[in-house]
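[1] Based on what follows, work out the 3D shape:
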Amino acid sequence: MFAGMARAWKWARTFLAVATVVFMAACGAARPIKYYSMAADARLASESHTPPLPVAMLIGHFTGAHLYREDRIVFRSGSQLKTYDSHRWAEPPTEIVENILLTRLRASGHYRTVQSQRSNAHGDYVLRGRLENFEEVTGPPIVTRVTVAVELYEVKTGTTGWAHIYSGDEPVNGKTMDAVVEALHRNLSRGLDQILAGLDQYFAAHHDK
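    Numbering: from 1, shown residues only. The predicted structure is shown next:
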């Protein structure tokens, strides 16, 4: 009799344990993760009507805080930086900046070659930098904040000939994550416009064509 009761109690405990796990899994089911990408406009064509400079440009590694080297989208609330669990980048923001710079510099037609330093290619100059901000800032109003610091390193002399910092806020036109991503894209594009214009001015003044 006691053996039968023990087996029944053991079975009941097993059933309760399984039921508890199933219940907890159902209650704590994770929200589906959504991934967002960002790239230079695919319609970009060469903007140059003059022969390219005899310069081999490399896009170097961009550093940043670990939050900008991971895939979770970052938002700022007061003085705190937090991340969304279910909204993520298809690639880390530091790599987003590298890839868009690479595409835009190639499309400009201003340089003989433009390659990534990750490819182990050789170049005359390395454009590298650090991503200081790349986040949504809670409001009101809600804005995005982007800060990018870049420097142009000349391989032959081992010196930095030019540097620039872009920092700006861009309003978010909506309350969705799509609107936040679009605002970040506009913000970054404006910053890269400044960087490319600064490079053009530097080479116009310091490089013989």
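[2] I'd assumed Gln80 was in contact with Leu67.
    No. Contact criterion Cβ atoms under 8 Å: Leu67 and Gln80 do not qualify, at 11.5 Å. All C-beta spots, glycine's among them, are computed from the backbone N, C-alpha and C.
[3] ok, those two, which is more surrounded?
    Each of Leu67 and Gln80 has its neighbours counted (other Cβ atoms under 10 Å); Leu67 has more, 17 against 8.
[4] which other helices and strands contact the biggest helix by length in the chain?
    As assigned by DSSP state H, the longest helix anywhere in the chain is helix 177-206. In this structure, helix 177-206 makes packing contacts with strand 34-36, strand 72-77, helix 93-108, strand 125-137, strand 143-154, strand 159-171, judged by 3 or more Cβ pairs under 8 Å, 6 or more residues apart in numbering; DSSP states H and E.
[5] again, only this time at 7 Å
    Applying 3 or more Cβ pairs under 7 Å, 6 or more residues apart in numbering; DSSP states H and E, one finds that helix 177-206 contacts helix 93-108, strand 143-154, strand 159-171.
[6] after the first one comes which helix or strand?
    Going down the chain from helix 93-108, the next helix or strand is strand 111-116, by DSSP states H and E.
[7] pLDDT (mean, whole number) over the helix or strand Lys82 falls within?
    For Lys82, the element it lies in under DSSP H and E is strand 80-89. With pLDDT averaged residue by residue, strand 80-89 scores 97.
[8] From the contact counts, what lies against that strand?
    strand 34-36, strand 72-77.
[9] which secondary structure elements does the longest one contact?
    Spelled out, it's strand 72-77. strand 80-89, strand 125-137.
[10] Ala39: neighbour count?
    That count, for Ala39 with other Cβ under 10 Å as the rule, works out to 12.
[11] next one: Gly64
    21.
[12] cool, Phe203 as well?
    20.
[13] same deal with the one 3 residues further on?
    Counted with other Cβ under 10 Å, residues neighbouring His206 total 11.
[14] ok, now how distant is the residue nearest the centre of the chain from Ile100?
    Nearest to the mean C-alpha position of the chain, by Cα atoms, centre = their mean, lies Pro93 at 1.2 Å. According to Cβ to Cβ, to the nearest Å, Pro93 stands 11 Å off from Ile100.
[15] Sweet, I'm off.
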